[in-house]
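Novice: output the structure for:
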Amino acid sequence: MDELIGRLATNASIDSAVAEKTVGIILGFLRSEGPSDSVQALIDQIPGAEGAIEASGSGGGLSRLMGGGLMAVGTRLMGLGLGMSDIQTIARELFRFGRDKIGADQMGKIIAGTPGLSQFA
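Specialist: Numbers count the residues shown, from 1 in each chain. Purely as a prediction, here's the structure:
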């Protein structure tokens, strides 16, 4: 997790705490909306990912009441002070990281199998 947070903080020029919250939000979204086997393979390769997902509140409850999908994720990320260009940079960096960890084929399945995600690839 530290490696991913460091990459996001550096490449997207964001604070480490924001980077960690962002990872939790995005991975929680992928877990609920993406192809479960591929997403779980990615999560398993990121030590601390489960904790970040839980800390982000992406596991259900209030986030489910607020609605789901990519728009809800965008709203939550913008609530952290991120703009659309920041979100695109973060998504691309997360995809690069994912390709490094689980391979291009598995990451491609996540991108193709998650509604709306391909626009960030």
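Novice: immediately after the worst-scoring helix or strand of the chain on mean pLDDT, which helix or strand?
Specialist: When the helices and strands of the chain are scored by mean pLDDT, DSSP states H and E, helix 62-65 comes last with a mean of 47. Heading C-terminal from helix 62-65, the first helix or strand you meet, by DSSP states H and E, is helix 69-79.
Novice: does anything pack onto the next helix or strand after that next one? Which helices or strands?
Specialist: Once helix 69-79 ends, the next helix or strand along the chain (criterion: DSSP H and E) is helix 84-102. Helices and strands touching helix 84-102, by 3 or more CB pairs under 8 Å, 6 or more residues apart in numbering; DSSP states H and E, are helix 2-11, helix 16-33, helix 36-44, helix 69-79, helix 104-113. For the C-beta atoms, the positions are set from N, CA and C on the backbone; glycine is no exception.
Novice: relative to helix 69-79, how tilted is helix 84-102?
Specialist: 110 degrees (axes from the mean of the first three to the mean of the last three CA atoms, to 10 degrees).
Novice: start the count at 635, not 1, going forward
Specialist: Renumbered: residue one is now 635, and that last one reads helix 718-736.
Novice: quick one on the thing from earlier: and the helices and strands packed on helix 718-736: which comes nearest A686?
Specialist: Of all the helices and strands packed on helix 718-736, helix 650-667 sits nearest to A686, with 3.6 Å by CB to CB.
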